[in-house]
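Enquirer: coords please:
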Amino acid sequence: HDKAKRRKAKMKKLVSLLLALTFVLSLTTGALAADTREHITFWYAHTGDEAKVFEDAIATYNASQDKVFVEGVSTTDTQKLIVAMSGDNAPDVISASNQQMIQYVANSLLDVAQDYAEKDGFALDIFSEKSVEASSVDGRLVGLPIEAYSIQMFYNKDLLEAAGYTEPPKTVEEMYEMAVAVTKVDAEGKIDVLGYPLFPYASARQELIYAFGGRWWDENSNLTPQNEGVLASLNMNVKYRQLYGMEAVDAFVSTANTNRYTEQDMFFAGKQLFRLDGSWLPTMMQNYGSTVNYGITFVPGTEANPDLRGSSRYETVCICMPSMGQHKDASWDFTKWMATEGARIENLGTGNLPALKALYEDEEILAKPGFAEFIEALKLEKGVQYPVMNDFNEYVSLINAALDEVYAGVKTPEQAMADLADQCSGLN
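Expert: Next comes the predicted model:
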């Protein structure tokens, strides 16, 4: 009886051992199967929940075919990426903003995607015109665009209606009139409701300038701080500030900046009539429980040039192939997949606007708060591109310093912009 029990125990151990060996063998076989594919690396600049979106896209690609296996690497360290792209073990594919892409091209770190597209017969007109333009250098597409970034105008419907208006402004002249009608000041002279869209600062520097036809640079990247539209915008800005007091306006804007994108955000709290901001704002308002009755409309134009309506900065993120990458065919296959089939996964998961025109009609994307209005703006193809220049960040710093002097009343717009023209004359 004891012998039988011992024999039975040995048999159980043997069966368990065989099962374990079978499991290990299956894993080894699976790994070998994966190893037969060409392995490439994809470095993307996202972390947290957004990194998971990219990993989901990578897993979908890996499961869709048996030729290429992609390994994702999350890094937000630009210097680390530059060093890696310069070495023998460079990543095969990366994601980059269009501004980063311009800098990488200047240092000969990227291949030109258009070369691969032409060889492959891959049509580039599936992307919006502005996304192709933003992802190009010297007329050649460097990376395939995967997402778009644009700004339009939010407005508080209840504040407008209380002032007797039934529609948002189509021109900056109408916008100024409405702003003055809605602005509220308390007994101490402090602004309680801001009518004119002086905040966020970056939008005042860009969209509020573009609405007047102003440009900080021309199509050839020549710097134009004394542009007529720049001066017209700044003079209306100063006119509003002087009407309510420079200090009172600065105090409101400073508080607004401190509380930006929090529960106390001035627009979320019903304290701001117009807000030039991005497609993420509706979701933020929803998450913070804002009850503001808002609408979204195009950035206005001018009475003299109504066609300016809808003008906004246009940025994109593109999928690029580093020059030092070793697996060109596999990298190109993944790059074009990521910018097409993978784009939908990325856009839905991260909440970014599409560059792929087919997604303009996608029901799930259109269902995201604010996306329908922003996509209508994208269809206008009125995005303002950043200049192709090495000293862009320095130029923006000089612009901001000049605007501070204008907003503080230290210099007139004309004086400040003339000085800025002198200061930036050596930039390239």
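Enquirer: Low-confidence regions, this structure specifically.
Expert: Where the chain drops to pLDDT under 70, the residues are 1-35.
Enquirer: how does it look with 50?
Expert: When residues are selected by pLDDT under 50, those of the chain lie in 2-5, 15, 17-34.
Enquirer: For it, which segments count as strands?
Expert: In the chain, the strands defined using DSSP state E lie at 38-44, 68-74, 93-97, 136-137, 140-141, 144-149, 151-156, 184-185, 191-193, 274-278, 294-297, 312-313, 315-320, 383-384.
Enquirer: Using TSV, lay out the ones you listed together with distance to residue 170 and mean neighbour count.
Expert: Where C-beta positions appear, they are placed from N, C-alpha and C, glycine not excepted. Formatted as TSV, those follow (distance: least, C-beta to C-beta, whole Å; neighbours: other C-beta atoms under 10 Å):
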stretch	distance to residue 170	mean neighbour count
strand 38-44	40	20
strand 68-74	43	18
strand 93-97	31	24
strand 136-137	32	20
strand 140-141	34	18
strand 144-149	24	26
strand 151-156	11	25
strand 184-185	24	14
strand 191-193	22	16
strand 274-278	13	24
strand 294-297	8	18
strand 312-313	15	23
strand 315-320	25	27
strand 383-384	19	22
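Enquirer: Quick one, which of those strands gets closest to residue 346.
Expert: Nearest to residue 346, of all these, is strand 144-149, at 5.8 Å by C-beta to C-beta.
Enquirer: Check which helices and strands the closest one sits against.
Expert: helix 129-134, strand 315-320, helix 328-338, helix 341-350 (3 or more C-beta pairs under 8 Å, 6 or more residues apart in numbering; DSSP states H and E).
Enquirer: Can you verify my assumption that residue 325 contacts residue 332?
Expert: No: taking contacts as C-beta atoms under 8 Å, residue 325 lies outside contact range of residue 332: 10.1 Å.
Enquirer: Around residue 421, how many other residues sit close by?
Expert: By the criterion of other C-beta atoms under 10 Å, residue 421 has 14 neighbours.
Enquirer: same deal with residue 287?
Expert: Neighbour tally, residue 287, other C-beta under 10 Å: 10.
Enquirer: I'd like the numbering to begin with 17 instead of 1 from here.
Expert: In the new count, where the first residue is 17, that last one comes out as residue 303.
Enquirer: quick one: contacts for it?
Expert: By C-beta atoms under 8 Å, 6 or more residues apart in numbering, no residues touch residue 303.
Enquirer: Likewise for residue 165?
Expert: Residues near residue 165 by C-beta under 8 Å, 6+ apart: 294, 329, 330, 331, 332, 333, 368, 369.
Enquirer: from what I can see the third one touches residue 396, true?
Expert: No: the criterion here is C-beta under 8 Å, and residue 330 misses it with residue 396 at 10.6 Å.
Enquirer: out of the two, which sits in the busier spot?
Expert: residue 330 (25 against 15).
Enquirer: Need the nearest residue in space to that one, chain neighbours excluded.
Expert: Counting by C-beta to C-beta, 6 or more residues apart in numbering, residue 330 lies nearest to residue 399, which is 2.4 Å off, once chain neighbours are set aside.
Enquirer: Would you confirm that the one you found contacts residue 332?
Expert: No: using C-beta under 8 Å, residue 399 is not in contact with residue 332, being 9.1 Å away.
Enquirer: residues shared between the contacts of those two?
Expert: Jointly contacting residue 399 and residue 332 under the rule C-beta under 8 Å, 6+ apart are 146, 150.
Enquirer: quick one: the most centrally placed residue in the chain from residue 249, how far?
Expert: Residue closest to the mean C-alpha point of the chain, counted by C-alpha atoms, centre = their mean, is residue 165 at 3.7 Å. Distance, residue 165 to residue 249, by C-beta to C-beta, to the nearest Å: 21 Å.
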